[in-house]
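In: Next comes the sequence, and after it the predicted model I'd like to discuss.
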Amino acid sequence: MSSAQFPKYLYGLHDIGGHDRLLSANKPGWVLDAVDLRAQTGTDYTSLAESGLGVMVQLQDAGAFPSSDRYADFAARAATYARNSPGARVWIIGNAINTRAAQPRLRDGAR
């Protein structure tokens, strides 16, 4: 992957929207889109990438990492989403899985 595919600046925003501030300051950086794979099968990020922004996508299942019996389904949905999402450059899977809300074992009360 060439460095031309990454923004010049390290600045970034969580969630799509507000990126116009980075662009109007002529300091395109990164935007993060947190995606619930239960509801979406892809997003076209081309316009963001072409404006000089780097697009990171955090893939989730109901705001969390799935339990182990759902890994295969989650992986298949993640692959579909990535395939259908031009312009995205970085994929995050399992962000903050040690928090109670994101970790199925902790969320469900098991030890």
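Out: On my side now, so go ahead.
In: so where does A82 fall, helix or strand?
Out: helix 71-83 (DSSP states H and E).
In: From the rest of the structure, what touches the helix or strand that that helix is followed by?
Out: Toward the C-terminus, helix 71-83 is succeeded by strand 90-93 as the next helix or strand (DSSP H and E). The contact list for strand 90-93 (CB atoms under 8 Å, 6 or more residues apart in numbering) reads L32, G54, V55, M56, V57, Q58, L59, F65, A78, A82. C-beta here means a position set from N, CA and C on the backbone, and glycine is covered the same way.
In: bridging residues for the first one?
Out: Meaning L32. For L32, the residues forming beta bridges with it (DSSP bridges) are H14, M56.
In: Do I have it right that it meets G18?
Out: No. With contact defined as CB atoms under 8 Å, L32 does not count as touching G18 (11.1 Å).
In: Pick out whichever of the two has more residues nearby.
Out: L32 (18 against 10; other CB atoms under 10 Å).
In: Tell me the spacing between the most centrally placed residue in the chain and V90.
Out: With distances taken as CA atoms, centre = their mean, V57 lies nearest the centre of the chain, 1.5 Å away. Per CB to CB, to the nearest Å, V57 is found 7 Å from V90.
In: so where's the chain uncertain?
Out: Scanning the chain for pLDDT under 70 picks out 1-5, 63, 95-111.
In: 80 instead?
Out: Regions of the chain meeting the criterion pLDDT under 80 cover residues 1-15, 62-67, 94-111.
In: May I see the buried residues of stretch 82-90?
Out: S85, G87, A88, R89 (16 or more other CB atoms under 10 Å).
In: would JSON lines of these with distance to A72 be doable?
Out: JSON lines is the format used below for the buried residues of stretch 82-90 (distance: CB to CB, whole Å):
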{"residue": "S85", "distance to A72": "20"}
{"residue": "G87", "distance to A72": "27"}
{"residue": "A88", "distance to A72": "22"}
{"residue": "R89", "distance to A72": "26"}
